[in-house]
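Chemist: Provided below for reference: sequence and predicted model.
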Amino acid sequence: MNNEQADLILMECEDHMTKTVEVLRKEFAAVRTGRANPALLDRIHIPYYGVDTPLKQVASITVPEGNQLYIKPFDKSILKAVEHAIQASDIGINPQNDGAGLRMILPVLTEMRRRELVKDVEKLGEHAKVGVRNVRRDANEHIKRLGLPEDDEKGYLDDVQEITDNFIKKVDEEVKIKSDDLMKI
């Protein structure tokens, strides 16, 4: 019975670490690389009929050119609210209102700004690693509480460490991919 519980703990550990890497990928999608990406607007919410609603649920977001986003609300009455929400966000780009939608032209990233974004990406990667290590700590505590024979316990703790090492490697790979993408001109 205890070995089954330990196996379950290992599966949960791997599941939580997988989710941590998925969250990191979503955060990376919001980091601007110089090319227009609708995921840049994923964190923006609009007050719509009294409810904070994600922008992508109230508007279509298209990429007419490589460095532009075009946001066209399904309901024209919220165009001003969308514009204000984008201006209030941390994106740092003012949209141009054409009456039917908003055009956002992404400026070319300077070398200095690219380096700052790489530092931000590395910081996000470190947060993800902390998350993975926290999952490892919790899994180790649960395994130790099972009261397994010493050899079995050590084997399971080694398995947790192996899973952790694999996910730390995945985080490092994601950081490298995003950093390389940012430094491309």
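Modeler: Received it, and whenever you're ready, just let me know what you need.
Chemist: Show me the strands in this protein, by range?
Modeler: 45-48, 51-54, 59-62, 68-73, 96-97, 102-105 (DSSP state E).
Chemist: Just name the most buried of those strands.
Modeler: Highest mean neighbour count among these (mean count of other C-beta atoms under 10 Å): strand 68-73, with a mean of 20. In short, each C-beta sits where N, CA and C put it, glycine included.
Chemist: coming back round to it: so which of the strands of the chain gets nearest residue 15?
Modeler: strand 51-54 (25.3 Å; C-beta to C-beta).
Chemist: by contact count, what packs against the closest one?
Modeler: strand 45-48 (3 or more C-beta pairs under 8 Å, 6 or more residues apart in numbering; DSSP states H and E).
Chemist: State the paired neighbours of the strand it packs on in the sheet, together with their directions.
Modeler: strand 51-54 (antiparallel) (DSSP bridges).
Chemist: Quick one: the helices in this structure, in order.
Modeler: 2-29, 55-58, 79-88, 111-145, 150-183 (DSSP state H).
Chemist: Adding distance to residue 19 and mean pLDDT, write the strands of the chain out as a markdown table.
Modeler: Listed next are the strands of the chain as a markdown table, based on distance: least, C-beta to C-beta, whole Å; pLDDT from 0 to 100:
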| stretch | distance to residue 19 | mean pLDDT |
| --- | --- | --- |
| strand 45-48 | 22 | 88 |
| strand 51-54 | 20 | 89 |
| strand 59-62 | 25 | 90 |
| strand 68-73 | 28 | 91 |
| strand 96-97 | 38 | 89 |
| strand 102-105 | 31 | 90 |
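Chemist: Can you lay out the ones you listed as TSV showing distance to residue 129?
Modeler: Below are the strands of the chain laid out as TSV (distance: least, C-beta to C-beta, whole Å):
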stretch	distance to residue 129
strand 45-48	29
strand 51-54	28
strand 59-62	31
strand 68-73	31
strand 96-97	40
strand 102-105	33
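Chemist: before we move on, the earlier item: do you know which of the helices of the chain lies nearest residue 68?
Modeler: helix 79-88 (13.7 Å).
Chemist: Read off the pLDDT value for residue 37.
Modeler: Residue 37 is assigned 79 on the pLDDT scale.
Chemist: how about residue 40, what does it touch?
Modeler: Residues in contact with residue 40 (C-beta atoms under 8 Å, 6 or more residues apart in numbering) are 29, 30, 32, 69, 91.
Chemist: pLDDT-wise, what's the bottom of those residues?
Modeler: Scoring the contacts of residue 40 by pLDDT puts residue 32 last, at 69.
Chemist: Fine, thanks again, bye for now.
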